[in-house]
Structure formats: structure tokens, C-alpha cells
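Participant: Below is the sequence, then the predicted model.
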Amino acid sequence: MPTETHLRTLEQDHELFLRLKDDPSVVGEVYDLYADRLYGFLLKRCSHKETAEDLVSHTFMKLLESLPSLEWKNAPLSAWLYQVASNALTDHFRKASTRKDTQLDTDVWDPPSADDPAWTAELKIEGEKLREILKELSDRDQEILDLKFFAQLETAEIAAQLDISPNHASVLVYRALGRLRQKLVANPQV
């Protein structure tokens, strides 16, 4: 189901950018639009709630610091935010000397309670299988799928984030999903 941020046009983003340049307090509106998606993207990549929260804060602080020199590049504002968040995460991993594929916080991925405990257990088992198989994919495929499904970016936003054409982004998503599908079929007991 598309969210409000998916329904934003490039014109709306440009208008928001111009208002932000004129009035830094508009950062609250930008935060409301993008913080949850950035948090989900970062949490999936680093598997630590507090780190993801810190990196989201860092991203918006960087936005405020960069405002005087920031220029409109005819791309969604989210592309800039995701680039800053990705760079901050890379810096975090370098400093911590940890790998991005560490074990996920289990409380984050627990499905919501349902009336049928067997269904809830089945969903949890399937989710664990999927996470294990995702770790087997290349870093590029993981990044593409993270942007598409965890950050919930549209193809045009993924293209802007990766500085590629929307068609190329669409092909990368399609191929990454194909490789994921192949691994799921080949390893049904994982």
C-alpha cells in the first residue's frame, strides 16, 4: 500500500526543498515524511535499534548542516537522505569493525500477535528462513532489496539513490528477486 511519501511528486519535493532552504524549521516536516522509512532501512542493515535511531538523527543533523550549500539536483529529497544515511552507516561499520550481516534483534522481527498461535509461529519460522537466505545474496542484491522492501522506495527513488537510470534500477530489483527466488526454491529446508 503506497504511503504519503510514495505519492509525492518531484514538484512537491522541490517545493519542500525550497521551503526548507528558506526556513530550516521545515526540517520537522521532512522528518515526519522520511524518518520512519530511514529508520526501517537502517535497522535492517545494522540490526540495532539504538544505532539506527542515532543514524537517523545524524542524517537529519547533516541535512541542517548542509542546508546553506545544498542545491536542488532534480531528484527526490529522499535520495539525498538515503545517501547520507548509507554513508553514516558505512562509517559506523568502519568505526565498529563489525559486519552488516550480524544477527538481527529478534524482538524487531516478531510478527504481531494473532488469534492463531500456529499461524504466528509459522510466520516467524518463514521469516527466519528468509533472513538466512538473504544473507547468502551478494551485498549489491541485499542493498537493492533493502531499498525496495525495507526502505519502501519506488524504482525512481532507488535509481536516484544509486545514481542509475530507473530502467536499470527496475532490472536490478527484478534480478535480485529472481536470485532470491532461486535460493528459496533450492533450499526449502533452510
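Facilitator: Received the coordinates, thanks.

Participant: which ones are touching residue 148?
Facilitator: Counting by C-beta atoms under 8 Å, 6 or more residues apart in numbering, residue 148 touches 158, 173. (Glycine included, C-beta is placed from N, CA and C.)

Participant: at 6 Å instead, please
Facilitator: Taking C-beta atoms under 6 Å, 6 or more residues apart in numbering as the contact definition, residue 148 lies against residue 173.

Participant: mind checking the backbone torsions on it?
Facilitator: Main-chain dihedrals, residue 148, degrees, to the nearest 10: phi -70, psi -50.

Participant: cool, the one 3 residues further on as well?
Facilitator: According to degrees, to the nearest 10, the main-chain angles of residue 151 amount to phi -90, psi -10.

Participant: how near is it to residue 24?
Facilitator: Applying C-beta to C-beta, to the nearest Å, the value for residue 151 to residue 24 is 25 Å.

Participant: In terms of neighbours, single out the busier of those two.
Facilitator: Legend: neighbour count by other C-beta atoms under 10 Å for residue 151 and residue 24, higher for residue 151 (23 against 13).

Participant: so how far is residue 174 from the more buried one?
Facilitator: Taken as C-beta to C-beta, the span from residue 151 to residue 174 is 17 Å.

Participant: what's the answer for residue 31, then?
Facilitator: Computed as C-beta to C-beta, the residue 31 to residue 174 distance reads 32 Å.

Participant: Neighbour count for those two, which is higher?
Facilitator: For residue 31 versus residue 174, the count of surrounding residues by other C-beta under 10 Å is larger for residue 31: 17 against 11.

Participant: So what touches the helix or strand where residue 43 lies?
Facilitator: Assigned by DSSP states H and E, residue 43 falls within helix 27-46. The contact list for helix 27-46, computed with C-beta under 6 Å, 6+ apart, reads 5, 52, 55-56, 60, 64, 78, 81, 85, 89, 100, 146, 150-152.
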